[in-house]
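# Here's a sequence, model it:
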Amino acid sequence: MYQEQKASLRETTSPPSGDETDIVPIEPTTALAHPPPPDGGFGWVQVAVGHLALFNTFGWFNSYGLFQDYYTSELNLPLSVVSWTGSVQVFLLAAISMFTGRLFDAGYFRSLIAMGSLMQLIAIFTASIASEYWQLFLAQGICGGLGAGLLYCPIISCVATYFSRKRALAIALVTSGGATGGTIFPVIAQQLSDKIGFPWTMRVMGFVVLFNAVLMLMFARTRLPPRSSGPVVEWAAFKELSYSLYTAGAFSLLMAVYLIYNYINHYGRVVLGMDETASLNTLLIANAVGVPGRILPSLLSDAYLGPFRTLVPLTMASGVLYFGWIGVRDPSSLYVFAVLSGIVNGGVQTISMAGLPCLTTDMTKVGTRTGMIITVGSFAALTGPPIAGALIDAAGGRYLYMQIWAGCMMLLSGCFVAASWCAMK
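Residues are numbered from 1 along each chain as shown. The predicted structure follows:
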């Protein structure tokens with residue numbers, strides 16, 4: 001039986017059977033106070049809300065390649081410098097997750113959505129009028145990252161409380177918002193930047209974010225009552241071997257999983273000599289195929305394997321693909337690589353998040369414990385892209401060092417996740 005079913009059993013008082021001796025049921029009083037998730041109903045509305053939230057956050061982040069390419073050409077800055085804005089966005093999103101997770105548990109879900117959306121809008125519209133890199137860094141990197149951080153962990157935690165048997169599918173549909181946004185934003189840039197200029201193109205993207213934010217505020221609701229007391233950090237969680245190993249796996253994963261979205265179009269334009277439109281298409285494709293790449297593994301996870309046994313081969317495949325990137329020598333091969341890596345890395349992002357609630361026995365703490373792992377991973381998200389950029393610069397513009405390093409990080413992540421699954425048995 002897969003891990004989501006184990007999570008469902010944890011929320012009830014039913015004892016485990018067969019080889020599920022690793023399940024530790026919670027106290028009966030807790031189970032009675034919080035009935036099992038409905039696995040549907042109004043939960044699907046929250047999935048739609050989550051999809052829009054990920055559209056606005058990771059859809060924007062997954063499009064950073066188009067901003068990075070524009071900034072390097074317009075501001076004449078090296079990749080290792082410009083990539084800091086993108087990595088700081090993801091870092092701040094993840095770094096504050098242990099605080100936003102605790103605030104979600106305390107009942108501030110809609111307030112977090114409102115404040116996070118407001119900060120995102122301020123970031124986009126101020127970045128559109130910035131003329132120097134430090135201004136872009138403060139707007140897009142700092143303000144945008146904090147705004148996204150107020151949304152991300154609460155959204156994932158909220159959806160997790162509505163689902164048990166179908167949790168991986170629900171989270172897949174939520175995280176597909178990152179692929180949807182990562183497709184729509186580059187299309188907007190591709191169609192409008194030559195006609196109205198890049199600043200106004202960013203403002204158009206801002207109006208799209210505003211529309212999504214209004215819908216989110218209209219329909220966002222939590223299922224469980226607030227947990228008013230409790231620490232921001234539950235240090236005892238790290239005494240659980242499976243939790244600590246999964247944290248290490250998430251850290252390694254976040255070092256490399258987003259590099260494809262940061263660098264693939266730059267690789268096409270600078271290394272392979274593709275024109276700007278063709279190179280941007282590779283980023284668009286990598287994001288677009290992430291939708292089926294997220295949903296198909298989640299169906300497999302829900303039906304047969306569970307998130308841990310699904311994530312291990314996905315991370316291993318991602319590592320192999322990064323090594324395979326070394327052999328990409330022409331545009332046709334890059335398009336193939338964009339499809340394969342977009343599918344696999346989309347699955348990695350989704351299933352890694354679906355695995356987090358399975359590490360929590362008491363769902364009233366899901367925000368806190370999920371946020372703790374995301375916060376630890378934030379330091380990987382901060383340093384990963386700049387390390388990649390520095391390796392490219394150190395190699396004189398060649399990608400070899402970066403490709404080897406990224407492949408090793410993904411393989412290491414798979415080893416940690418496999419060890420975490422073994423520790424749960």
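# how many other residues sit next to the residue nearest to Ile171 when sequence neighbours are not counted?
Nearest residue to Ile171, sequence neighbours excluded (C-beta to C-beta, 6 or more residues apart in numbering): Ala354, at 4.6 Å. For every residue, glycine as well, the C-beta is placed using N, CA and C. Neighbours of Ala354 under the rule other C-beta atoms under 10 Å: 33.
# With Lys239 instead?
8.
# what separates it from Ala423, distance-wise?
Distance from Lys239 to Ala423, counting by C-beta to C-beta, to the nearest Å: 12 Å.
# For stretch 206-221, which residues meet the burial criterion?
206, 208-210, 212-213, 216, 220 (16 or more other C-beta atoms under 10 Å).
# For this structure, which residues score under the pLDDT cut-off?
1-34, 79-80, 228-232, 361-366, 425 (pLDDT under 70).
# show me where it has strands.
Counting by DSSP state E, no segments of the chain form strands.
# contacting residues around the residue nearest the centre of it?
In the chain, the C-alpha closest to the average C-alpha coordinate belongs to Gln349, at a distance of 5.5 Å (C-alpha atoms, centre = their mean). Going by C-beta atoms under 8 Å, 6 or more residues apart in numbering, Gln349 touches 58, 175, 178, 257, 290, 294.
# Dump those to JSON lines, plus neighbour count.
JSON lines is the format used below for the contacts of Gln349 (neighbours: other C-beta atoms under 10 Å):
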{"residue": "Phe58", "neighbour count": "29"}
{"residue": "Thr175", "neighbour count": "30"}
{"residue": "Gly178", "neighbour count": "30"}
{"residue": "Val257", "neighbour count": "27"}
{"residue": "Gly290", "neighbour count": "31"}
{"residue": "Arg294", "neighbour count": "30"}
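# Among the residues you listed, which one sits closest to Leu311?
Nearest to Leu311, judged by C-beta to C-beta, of these is Val257 at 11.3 Å.
# Got phi/psi on the closest one?
Dihedral pair for Val257: phi -60, psi -30, per degrees, to the nearest 10.
# Could you check how far it is from Gly290?
11 Å.
# overlap in contacts of these two?
345, 349.
# tell me the contacts of the closest residue to Leu284 other than its chain neighbours?
Leaving aside its sequence neighbours, Leu284 sits nearest to Pro186 (C-beta to C-beta, 6+ apart; 4.6 Å). Contacts for Pro186 (C-beta under 8 Å, 6+ apart) come out as 63, 66, 280, 283-284, 287.
# next one: Ala354
4, 167-168, 171-172, 298, 301, 307.
# what two of the residues you listed have the greatest distance between them?
Of all pairs drawn from those, the one with the longest distance (C-beta to C-beta) is Glu4 and Ala172, at 11.8 Å.
# Isn't Tyr322 up against Leu412?
No: with contacts counted by C-beta atoms under 8 Å, Tyr322 stays clear of Leu412, the gap being 12.0 Å.
# hmm, back to that, just put the contacts of Ala354 in JSON lines and tack on distance to Leu391 and neighbour count.
Putting these into JSON lines (distance: C-beta to C-beta, whole Å; neighbours: other C-beta atoms under 10 Å) gives the following:
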{"residue": "Glu4", "distance to Leu391": "38", "neighbour count": "29"}
{"residue": "Arg167", "distance to Leu391": "37", "neighbour count": "30"}
{"residue": "Ala168", "distance to Leu391": "34", "neighbour count": "32"}
{"residue": "Ile171", "distance to Leu391": "32", "neighbour count": "32"}
{"residue": "Ala172", "distance to Leu391": "32", "neighbour count": "29"}
{"residue": "Ser298", "distance to Leu391": "33", "neighbour count": "27"}
{"residue": "Ser301", "distance to Leu391": "33", "neighbour count": "29"}
{"residue": "Pro307", "distance to Leu391": "31", "neighbour count": "32"}
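# which one of the residues you listed sits closest to Gly43?
Scanning the contacts of Ala354 for proximity to Gly43, where the rule is C-beta to C-beta, the winner is Arg167, at 9.9 Å.
# what's the distance between that closest one and Ser413?
Going from Arg167 to Ser413 by C-beta to C-beta gives 21 Å.
# again with Gly342
Distance from Gly342 to Ser413, by C-beta to C-beta: 18 Å.
# What of Arg110?
34 Å.
# Please say which of these two ends up with more neighbours.
Ser413 (30 against 14).
# The residue lying closest to Leu382 once chain neighbours are set aside: neighbouring residues, count only.
Of all residues not flanking Leu382 in the chain, Phe91 sits nearest, at 3.4 Å (C-beta to C-beta, 6+ apart). Phe91 is flanked by 25 other residues according to other C-beta under 10 Å.
# Please apply the same query to the one 4 residues further on.
Residues lying near Ala95 (other C-beta under 10 Å) number 22.
# List the residues that contact it.
149, 375, 378-379, 382.
# so where do the helices sit in the stretch 251-400 of the chain?
259-266, 276-288, 290-300, 307-324, 331-354, 366-394, 400-424 (DSSP state H, counting those that start in this stretch).
# I would like the residues contacting the fourth one, please.
Right, the one you point to is helix 307-324. 2-4, 168, 249, 253, 256-257, 259, 297, 300-301, 337, 340-341, 344-345, 347-348, 351-352, 354-355, 358, 403-404, 406-411, 413-414, 417-418, 420-421, 424.
# Buried members of those into ChimeraX, please.
Those of the contacts of helix 307-324 that count as buried under 16+ other C-beta under 10 Å are selected in ChimeraX with:
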select :2,3,4,168,249,253,256,257,259,297,300,301,337,340,341,344,345,347,348,351,352,354,355,358,403,406,407,408,409,410,411,413,414,417,418,420,421,424
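# picking that back up, out of Tyr322 and Leu412, which sits in the busier spot?
Tyr322 (28 against 19).
# how near is that one to Gly414?
Taking C-beta to C-beta, one finds Tyr322 at 12 Å from Gly414.
# Repeat that for Glu74.
Distance from Glu74 to Gly414, by C-beta to C-beta: 39 Å.
# same check, this time on Tyr162
Applying C-beta to C-beta to Tyr162 and Gly414 gives a distance of 29 Å.
# Could you give the number of residues near Gly384?
29.
# excluding its backbone neighbours, what's nearest it?
Nearest to Gly384 is Met255, by C-beta to C-beta, 6+ apart, at 4.3 Å.
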